[in-house]
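S.K.: Quick one, fold the following:
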Amino acid sequence: MKKIVFTLLSGICCFYGFSQNRHTPPGNVSQSFQREYPQSKPSEWNHSNAGWSVTFEDRDHNNGEATAYFDQSGRHTETHIPYDNQDVPGPVSDHVRRSYAGADNYEYTRIERTGEKPVYMTHFRHRKKYKTVYVDYSGHERAYRNRY
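M.R.: The predicted model follows:
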């Protein structure tokens, strides 16, 4: 009986230990996050083939909830910031409403990449299908390869 209990507990501990690995980034990723967002605390880390992501309350840039993305080497690649519809720049929302008449259920996310101008990922329903377009601050659609 003791062997069964011990084996069961050991298995649970191993499973728990290995399952937490997917949510614990390597040191270079954690250090990169702390350099970029020294006043913010990461909540939950996620790992994918593209790298690491973390959702957190951005206290450094007053952005509210944000998700930062890092590649495998720890380089900060981009940050996604959800926007309320009333906070989206006029040219962005005007372009979408004008170009996709009759659309609804708008969701906006500002995407910031180092060394590039931000784009707004705009997700909406148009003609009974959901569509995503990327629009710059001036209201022009941009090609954008979403890695995440």
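S.K.: Contact partners for the spatially closest residue to residue 147 that is not a sequence neighbour?
M.R.: Take residue 147 and drop its neighbours on the chain: the residue closest to it by C-beta to C-beta, 6 or more residues apart in numbering is residue 50, 5.1 Å away. Bear in mind the C-beta positions are built from the backbone N, C-alpha and C, glycine included. Counting by C-beta atoms under 8 Å, 6 or more residues apart in numbering, residue 50 makes contact with 69, 71, 147, 148.
S.K.: Residue 60 now?
M.R.: Per C-beta under 8 Å, 6+ apart, neighbours of residue 60: 36, 37, 38, 39, 40.
S.K.: now do residue 111
M.R.: 78, 79, 80, 81, 118, 119, 120, 121, 134, 144.
S.K.: Show the buried residues in those residues.
M.R.: Buried subset of the contacts of residue 111 (neighbour count, 16 or more other C-beta atoms under 10 Å): 78, 79, 80, 81, 119, 120, 121, 134, 144.
S.K.: ok, what's across the strand from the first one?
M.R.: It stands for residue 78. residue 69, residue 113 (DSSP bridges).
S.K.: contacting residues for it?
M.R.: Residue 78 touches 68, 69, 111, 112, 113, 114, 147, 148, counting by C-beta under 8 Å, 6+ apart.
S.K.: didn't residue 137 look like it was pressed against residue 93?
M.R.: No - between residue 137 and residue 93 there is no contact under C-beta atoms under 8 Å: 11.6 Å.
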